[in-house]
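**Student:** give me the fold of what follows.
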Amino acid sequence: MIENTLWHPVAQAQDVSGTAPYSARLLDQAIVLWRDPQGTVQAFVDRCPHRGARLSLGRVENGHLECPYHGWQFASGGQCVKVPAVPDFIPPPSQCVKSFDVQESSGLIWVRMEQGDTPAALPRFDAESDAHLRKVNCGPYDVAASAPRIIENFLDMSHFSFVHEGWLGSRDASAIASYKVEPTATGVLATGCKAVQPQSNLHSTTAAEVEYTYEVTAPYTAVLTKIPEEGSSRQGWRESIGLFICPVTPETSRVWFRLAVADFDSSDEQLREFQHTIFVQDQPVLESQLPKALPLDPRAEMHSAADRMSSAYRRYLKSQSIGFGVC
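**Tutor:** Here you go, the predicted structure:
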């Protein structure tokens with residue numbers, strides 16, 4: 001599967017300590033995360049190769065991951081280094097647990113399960129390099145919907161007037177103006193996306209027309225960039241929200257948002273609460289959609305001119321031979 005060669009977020013970095021293993025799931029595979037003595041995160045299949053126990057039930061002992069069943073210990077990279085029942089035994093290279101590549105970025109731990117034919121980069125989040133913007137992570141949210149369904153919802157403005165009425169939209173201003181969509185080297189870009197919003201952010205007091213760009217930067221990653229309203233005190237700033245999704249199973253996902261904002265007055269909790277308010281309005285609708293997998297056949301669901309970004313996203317997924325979470 002092409003999905004195995006992509007980088008996926010699986011945990012918040014702060015949740016993986018040097019004292020205990022952390023259980024996660026990616027692409028229907030149970031994995032265990034832990035930190036070695038250098039603080040580097042390791043990712044293994046969550047199954048001891050000895051008798052199949054879950055390594056995430058064990059502990060980190062003397063810089064190694066120890067199985068809870070018989071105490072076998074595994075070093076960075078997966079090599080078995082200790083069999084307590086046979087203290088003088090030196091495990092050969094064949095006695096190891098499968099390990100995966102790991103990176104830390106945007107406050108998250110990213111894993112890829114296979115290297116693939118060409119080097120894969122982490123999904124782009126350009127705001128990460130802007131030192132002027134404040135970064136806050138929100139989540140995780142466990143959602144009974146496929147990752148592509150969640151991405152498509154994020155790209156869709158025409159639901160604002162109904163799902164987010166009084167916040168991001170209103171029924172008396174539901175028309176979506178024409179916008180431009182174009183393919184990019186890493187996905188799809190939509191520019192000139194405009195919506196009249198009663199409360200587009202935590203500090204809004206009056207309705208305003210807001211302009212966005214949306215970019216899909218990987219099959220399960222998307223970024224919204226907000227262009228400040230004319231006359232705004234933060235004119236010239238370009239705030240962003242990154243949506244990072246771990247495809248847990250074809251029909252379930254773990255979701256994080258990363259905010260890159262110019263709001264230096266609100267607390268982290270206030271920023272998270274606003275984002276939480278918006279997403280929990282989306283969640284029941286997302287979980288109600290059938291089929292749960294995103295249909296890539298253009299005849300499977302009806303479309304309107306307002307759906308050109310989601311239609312482009314579906315074409316992109318098809319062109320990339322994505323098979324996990326789609327139908």
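
**Student:** and residue 101, that's in a strand?
**Tutor:** Yes. Counting by DSSP: H, G, I helix; E, B strand; the rest coil, residue 101 is found in a strand.

**Student:** got the contact list for it?
**Tutor:** 43, 111, 112, 115 (Cβ atoms under 8 Å, 6 or more residues apart in numbering). For every residue, glycine as well, the C-beta is placed using N, CA and C.

**Student:** and what of residue 295?
**Tutor:** Contacts of residue 295 (Cβ under 8 Å, 6+ apart): 301, 314, 326, 327.

**Student:** now render these as TSV, adding distance to residue 238 and pLDDT.
**Tutor:** Listed next are these as TSV, based on distance: Cβ to Cβ, whole Å; pLDDT from 0 to 100:
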residue	distance to residue 238	pLDDT
301	33	97
314	27	98
326	31	98
327	36	97
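
**Student:** quick revisit: may I ask which of the contacts of residue 101 has the most neighbours?
**Tutor:** Among the contacts of residue 101, residue 43 has the most neighbours (other Cβ atoms under 10 Å), with 26 neighbours.

**Student:** quick one: that one and residue 14, what's the gap?
**Tutor:** With distances taken as Cβ to Cβ, to the nearest Å, residue 43 is found 16 Å from residue 14.

**Student:** next one: residue 191
**Tutor:** Counting by Cβ to Cβ - residue 191 and residue 14 are separated by 35 Å.

**Student:** between these two, tell me which one has more neighbours.
**Tutor:** The residue with more neighbours, out of residue 191 and residue 14, is residue 191; 15 against 10, by other Cβ under 10 Å.

**Student:** partners of the strand or helix carrying that one in the sheet?
**Tutor:** Per DSSP states H and E, residue 191 falls inside strand 188-197. Here strand 188-197 has these sheet partners by DSSP bridges: strand 180-183 (antiparallel), strand 208-218 (antiparallel).

**Student:** ok, and which of these has the densest surroundings?
**Tutor:** Highest mean neighbour count among those (mean count of other Cβ atoms under 10 Å): strand 208-218, with a mean of 20.

**Student:** put the alpha carbons of the helix or strand just after that one into PDB.
**Tutor:** Tracing the chain past strand 208-218, the next element assigned as helix or strand by DSSP H and E is strand 221-227. Taking C-alpha atoms only, strand 221-227 is exported to PDB below (Å, rounded to 0.1, in the frame of the first residue of the first chain):
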ATOM      1  CA  THR A 221      -3.200  16.400   5.900                       C
ATOM      2  CA  ALA A 222      -4.700  19.800   5.000                       C
ATOM      3  CA  VAL A 223      -3.900  23.400   5.900                       C
ATOM      4  CA  LEU A 224      -6.200  26.400   6.100                       C
ATOM      5  CA  THR A 225      -4.600  29.800   5.900                       C
ATOM      6  CA  LYS A 226      -6.600  32.900   6.900                       C
ATOM      7  CA  ILE A 227      -6.100  36.200   5.200                       C
END
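
**Student:** so how far is residue 41 from residue 24?
**Tutor:** With Cβ to Cβ as the criterion, residue 24 and residue 41 are 11 Å apart.

**Student:** between the two, which has more neighbouring residues?
**Tutor:** Neighbour tally, residue 24 and residue 41, criterion other Cβ under 10 Å: the higher count belongs to residue 24, 24 against 21.

**Student:** what's the closest non-adjacent residue to that one?
**Tutor:** residue 10 (4.4 Å; Cβ to Cβ, 6 or more residues apart in numbering).

**Student:** you'd agree that neighbour is up against residue 32?
**Tutor:** No. Counting by Cβ atoms under 8 Å, residue 10 does not reach residue 32; the two are 10.5 Å apart.

**Student:** follow-up on the earlier one: what touches both of residue 24 and residue 41?
**Tutor:** Shared contacts of residue 24 and residue 41, defined by Cβ under 8 Å, 6+ apart, comprise residue 33.

**Student:** what sits against the closest residue to residue 226 other than its chain neighbours?
**Tutor:** Counting by Cβ to Cβ, 6+ apart, residue 226 lies nearest to residue 239, which is 4.8 Å off, once chain neighbours are set aside. Taking Cβ under 8 Å, 6+ apart, we find residue 239 in contact with 127, 133, 225, 226, 228, 259, 260, 261, 262.

**Student:** which one among the residues you listed gets closest to residue 213?
**Tutor:** residue 225 (4.7 Å; Cβ to Cβ).

**Student:** on that earlier part again, what touches both of residue 10 and residue 32?
**Tutor:** Taking Cβ under 8 Å, 6+ apart as the criterion, residue 10 and residue 32 both touch 24, 43.

**Student:** and for stretch 105-114, what's in contact with it?
**Tutor:** 4-14, 16, 24, 26-27, 29, 31, 33, 41, 43, 100-104, 120, 122, 125, 128, 135, 137, 242, 244, 256, 258.

**Student:** right, I'll leave it there.
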